[in-house]
Every structure is written in structure tokens, then in C-alpha cells.
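**Q** Could you look at this predicted model? Sequence included:
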Amino acid sequence: MLRLRTVKFGLTCVFVVILLIFTVMTTMSDVSSTDYRSINNLDQNWDKPLHIAYPTAAPKIVDIIAEPTEIPTPEPVGPTPILLVTYMRSGSSFVGDLLKINPKTFYSFEPLHKLQAEVIKEKPVYYLDGTLRYPKNFMELSVDAIEHLSTCAMEKLPLYFYQDGFFSGFTDSTKFKICMNKTKIESNLELGRKCSRVLSKGCKNSEFLVAKIIRIPLSPLEFLMKTIPKLKIIHLLRDPRATLSSQFRAGRYKVQNMQSAIGRFCNRVYDDMVIRDTLNRKYPGRIMTIEYEDIVRDPLEYTKRLYEFSGMEFTKHIQTNIVKLTASTQKQSNSSVISSRWRTKLLEGVIKTADEKCQQLYMKYGLKSLSFKDLKNISVPLKVDKVVSFGDFRHEEMEKS
């Protein structure tokens, strides 16, 4: 009897083990089948999110294929460059003072002055990184310098920039000199590079950079209009007879070379006006023409126009400072006397030569050729009522490019 019970118990155990093995094998088969179906499903639905199913409850896997995120292009840093382009003795220092009254402006006073003087002497141009260039083209060097200045890359400017006596007219020039501690920049380029970063920092922290430029024409500046989309140009004009008279008194040219000097000057101004019109069509809203006589006649109104064009805010503080700066103008019973002072002391040789050599410019500008008697009468207007427009085919290629 005992033996029979033992046999039954053994058979029961065997049955239980077989049942357990069968259950495990069935489960593994289900898992394998499920995984296969899930993977096989990828071929048919590759563009859909991937979810792998399991026989037991489990959290879903996050989609592994995500939409690409578009990274926005950062806005260019640094100030808006504004080039005040004009000619010697055309009122640029006065207009520059009006613009630098804005406390958010970094001002550069004639950055090409010494560079031009040394290039004329055919001297090599040294840079803060220790390199030097033998200039073949002053215009090329000038555009490079203005580009570096406009982008606050002060360490890339030539040494002449820092050695120029005009450098004292720059914003933060005093900080630079303190940093140099009376050390000559050419004797310690490493210190020069360090101190140039003082200027770069002040420039980058400003909203506007204004550079007064009288030494190059407008044509090479188109390159900067293309490469620096924020850059703007103010083209300042003055009656060429007034400018030439002032230049002669300042010793810019002598009687012996008066004919050629006046002819070159008027041709340059004329070319600039033609190129300005072309650039205005190619880059609308980025070039402004203003006349010195208008600013002197109504400094507050025309300074507002300059600020509006430049994107500067015309605050009450700025207005107060401009009134102080132009106080002498405002006290005049007839403010046109200031800009017409040259008419009361005529240089007859200069005027005669200008009338002969500058007729093309007179027509473009809208100027009258007047007798000496009428010129001395400041109530007689210098300009015609309406300027007649005419084409100039010398600049056709520039239009097409």
C-alpha cells in the first residue's frame, strides 16, 4: 500500500514538471513572435514613430525620429557704422560734432589721415600682428581700414592709425593712451594689441560708429555696402566755390597748380554725385545727401533729419547740447551769413577757374554761374530753382554689376 502511494506521488511530480516546462516554452514562443512582428512592422511603417510591444504591460518608448530643429541665425553684433563722406573744408568737423553729441556714438576723426600721408611717401604699412604691407593702392588699404574700423576690429588697423595726431579726436583714445602708459606702440606690439582691445570694447558697446572721411571717393565704398548690410553713408556737400576758396586760403594748392587742382576736385565731386545716385538705387535708404548751407541755416531741423536717417534717438538732452553747440549760429540775425562769408571776400582767381572747370558739376549740383557783383550780394541765390537731370554713361557698368 505504501509502495502504491509512492508511485502516485512520483507521477504527480513528473506531471507538474512537464506542465511547467510546457508553460515556459509557450511564453518564450509568444515573446519571439511578438518581437518579430514588431520588427517586421518597421519595414512597412518606417515613417511612423517606433513602439515595441511586449507581452507584459510596459511604458512606450519615446519616438526616436524627431523633426530637425532650425537654429536661428544670430543678429550681427556691434554698432551701426555711419560714414560721413565729404571733402576738405566742407563743414565735416561741424557735422561730425553734431553726430557725436549722441552718447551712444563711437566717433572716429579722419582715420585715414596719416595712412594717406605715409603711403604718398611710399613707406611700408605696419600692423599690430607684426606684418607689413608695401602699398600699391591707397584705396585698397583705405577700404580695408574702414572695414576693420566699422566692425570694431581695432587690432587689425595699421599702426599709423594709432600714431596719428588726429587720434586724440577718437572716442576712448584717452583710455588707450593710459593703457599704453607712454610706451610707443611700435616698440611693444603685444601691449598695443592689448590696449587696442580697449577701443574694440568701447566700439562694440556703442550703438553707432561715426567715421568722418574726406580722403577717398564714394566708388570704393560699394564693397562695404555689400559686406556690411548695416552700414550707412552721409554724403555732405558744400558749394564748390566756397570749398575751393577755403582750401586755397588753407594752402591746399598754389596759384601755379590752381587750374589742375580745381579741375580734379570738381571732377571728383561730380563723380561722387553720379555714383551716389547709382548706390541709392542699389541700396535704398542707406545713403543720405545733405548740404552744409542747409545745416547752418537750420541746424536743429537738419540734425533731426541726420539722426532719423542714422537711426539715432533725438532726445531732449541731445537737443539741448546741439543748441549750445550752434549758439553762435542762432544768434545771427541772418544765419546764411555764416555759410556765405566766402562771398564777401571773393578770391576772383578761384571763382573764375571754377566757373571754367566745373560747369558739369554746376549742372549736376544746380548751381548758377554768377557775376562777382551778384556773388557779393548774399541775397542772390546760388542755386537754380529746379535741377535738370541728365544721364552719365560712364557709370553704366556699375549700374549693371
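**A** All right, it came through fine.
**Q** Count the residues that sit near Leu209.
**A** 24 (other Cβ atoms under 10 Å). Any C-beta I mention is one placed from the backbone N, CA and C, and that applies to glycine too.
**Q** does it sit in a helix, a strand or a coil?
**A** For Leu209, the assignment made with DSSP: H, G, I helix; E, B strand; the rest coil gives strand.
**Q** Next up, the contacts around it.
**A** When contacts are counted by Cβ atoms under 8 Å, 6 or more residues apart in numbering, Leu209 touches 78-82, 105-108, 149-150, 152, 203.
**Q** is it true that Val274 touches Lys364?
**A** Yes: between Val274 and Lys364 there is a contact under Cβ atoms under 8 Å: 7.4 Å.
**Q** low-scoring stretches of the chain, by residue?
**A** 1-76, 328-337, 388-401 (pLDDT under 70).
**Q** would you list every one of the helices in the stretch 151-300 of the chain?
**A** 159-163, 173-180, 189-204, 222-227, 240-249, 258-282, 292-297, 299-310 (DSSP state H, counting those that start in this stretch).
**Q** Buried residues in the helix or strand just after the last one, which are they?
**A** Next in sequence after helix 299-310, counting helices and strands by DSSP states H and E, comes helix 316-325. For helix 316-325, the buried set under the neighbour-count rule, 16 or more other Cβ atoms under 10 Å, comprises 318, 321-322.
**Q** any idea which of those is closest to Asp164?
**A** Of all those, the one with the least separation from Asp164 (Cβ to Cβ) is Asn321, at 26.8 Å.
**Q** one step back: could you dump the helices of the stretch 151-300 of the chain into a markdown table with mean neighbour count and distance to Ser93 added?
**A** Below are the helices of the stretch 151-300 of the chain laid out as a markdown table (neighbours: other Cβ atoms under 10 Å; distance: least, Cβ to Cβ, whole Å):
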| stretch | mean neighbour count | distance to Ser93 |
| --- | --- | --- |
| helix 159-163 | 21 | 19 |
| helix 173-180 | 16 | 16 |
| helix 189-204 | 18 | 21 |
| helix 222-227 | 15 | 23 |
| helix 240-249 | 22 | 12 |
| helix 258-282 | 18 | 18 |
| helix 292-297 | 20 | 11 |
| helix 299-310 | 17 | 14 |
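**Q** nearest to Val95, of those helices?
**A** Each of these has some distance to Val95 by Cβ to Cβ; the shortest is helix 292-297, at 6.4 Å.
**Q** follow-up on the earlier one: can you tell me which of the buried residues of helix 316-325 comes closest to Phe265?
**A** Ile322 (30.3 Å).
**Q** Quick check, the closest one in contact with Asp97.
**A** No: counting by Cβ under 8 Å, Ile322 stays clear of Asp97, with 9.1 Å between them.
**Q** which one of the contacts of Leu209 sits closest to Met312?
**A** Nearest to Met312 among the contacts of Leu209, with distances taken as Cβ to Cβ, is Thr105, at 7.5 Å.
**Q** Cheers, nothing more for now.
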